[in-house]
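**Q** Just need the structure, nothing else, for what follows:
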Amino acid sequence: MNFFKKLFGKSPKEAGVSARGMIVFHHTAEVIAAESLLKEAGMEVQVKGPPPSLRTGCDMVIEFPLISELEALRILNDAKIAPIQVVTVEDVLLEPVSLFHVKDFGDYLMVRAANMKITVSKQNQEIVNISGGGCPDVPYLAEAMVGKSLLSAPEPRTLGKTLCGYALQLAYKEIIRQCHG
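**A** Down below sits the predicted model:
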């Protein structure tokens, strides 16, 4: 954004343009691969839920700094990942949706990412529940993590390879952020 202001003397908002874009994909696996590649390249990207007008069956889009569009598309092209489209976030109708929902139950804190939920005891940060999704690895993930402390439990990404495992990894990282700042 600072680059834009230096170049045009105004912030993107002041100039009436968006500073962010969304990359839309056919499949969740493409989103996961693209996120890893773009982050490895040092790009500031976030996985979010698509606005209703852009839903394609894939529950996620990648939000990125629009000024990096050419670089992002080159990286994806080199990896043979073809997005459906790149969209400028121009107005509220195209705002991506946060994947996270945090619920404080007093003694417990729950974070939901997409359809996966992780709940911890606020007193000792023990994982007390993992639920949601419909992938076959959810019971395995729950068995491996429930009853362990948040920081000693295995990360979901080390155990699961499905969309549910990916969503649980996002929820896991967010609940750590919520508990440890």
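**Q** Bridged to the residue positioned nearest the centre of the chain, which residues?
**A** The residue lying closest to the centre of the chain (C-alpha atoms, centre = their mean) is V47, at 3.1 Å. Under DSSP bridges, the beta-bridge partners of V47 are I62.
**Q** any idea how far it is from G134?
**A** V47 is 19 Å from G134, where distance means C-beta to C-beta, to the nearest Å. Quick note: C-beta positions are derived from backbone N, CA and C, even for glycine.
**Q** and what of R55?
**A** Note on R55: its distance to G134, by C-beta to C-beta, is 18 Å.
**Q** go on, H26?
**A** 20 Å.
**Q** If you count surrounding residues, which of these two has more?
**A** Counting neighbours by other C-beta atoms under 10 Å for H26 and for G134 shows that H26 has the greater number, 13 against 9.
**Q** so that one makes contact with I84?
**A** Yes: here H26 reaches I84: they are 5.9 Å apart, a contact under C-beta atoms under 8 Å.
**Q** and the longest helix seen in the chain, average pLDDT?
**A** Assignment by DSSP state H gives helix 163-180 as the longest helix of the chain. Mean per-residue pLDDT for helix 163-180: 91.
**Q** go on, stretch 101-110?
**A** Stretch 101-110 comes out at a mean pLDDT of 95.
**Q** Outside of that stretch itself, list whatever touches it.
**A** If you take C-beta atoms under 8 Å, 6 or more residues apart in numbering as the criterion, stretch 101-110 is touched by 111-112, 117-123, 128-129, 174-175, 178-179.
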